[in-house]
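J.: no sequence on this one, just coordinates:
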């Protein structure tokens with residue numbers, strides 16, 4: 001399965017995981033200026049695209065006056081153009097794969113925070129939604145703690 005994760009924004013992070021037989025066979029990532037990520041999606045031909053939901057919260061509404069909401073625009077472009085499955089996750093979900101877990105798994109990218117967020121969303125989908133990747137294999141230390 002080809003899973004393409006997106007962290008949409010002024011700089012959009014992305015990652016692609018090819019996962020077959022419970023193993024990550026290929027992994028790519030990057031950061032693109034806003035809408036360029038849509039072109040990358042079509043270039044990579046994923047089976048599923050995982051995006052982070054964006055909602056204007058009352059507590060942030062005043063600070064967002066004048067904002068162009070690029071994240072929403074990029075997500076909208078993806079929803080409009082991609083014909084495959086799109087999975088929407090909440091921002092808080094990605095926190096499961098914090099930097100320590102990404103580093104342990106070998107999928108942390110230094111200096112690319114938006115790519116890291118896309119990786120978090122993709123791994124969440126692979127482990128908890130599609131169930132094609134075993135968390136114990138991905139995070140062996142977590143397995144040792146639970147013994």
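T.: That came in fine, so what should we check first? Small disclaimer: the values here were computed from a predicted structure and weren't measured.

J.: quick one: the residue lying closest to residue 45 once chain neighbours are set aside from residue 24, how far?
T.: Nearest-residue entry for residue 45: residue 2, 6.9 Å, with adjacent residues in sequence omitted and distances by Cβ to Cβ, 6 or more residues apart in numbering. Quick note: C-beta positions are derived from backbone N, CA and C, even for glycine. Relative to residue 24, residue 2 is positioned 11 Å away (criterion: Cβ to Cβ, to the nearest Å).

J.: intersection of neighbour lists for these two?
T.: Residues touching both residue 2 and residue 24 by Cβ atoms under 8 Å, 6 or more residues apart in numbering: 17-18.

J.: for this protein, what spans make up the helices?
T.: Remark: helices of the chain, listed N- to C-terminal, are 36-44, 70-81, 99-105, 113-124, 135-138, 140-145; assignment by DSSP state H.

J.: who wins for proximity to residue 15 among these?
T.: Checking the helices of the chain against residue 15 by Cβ to Cβ gives helix 113-124 as the closest, at 4.5 Å.

J.: which elements pack onto that closest one?
T.: Applying 3 or more Cβ pairs under 8 Å, 6 or more residues apart in numbering; DSSP states H and E, we find helix 113-124 packed against strand 2-7, strand 11-20, strand 23-33, strand 48-52, helix 99-105.
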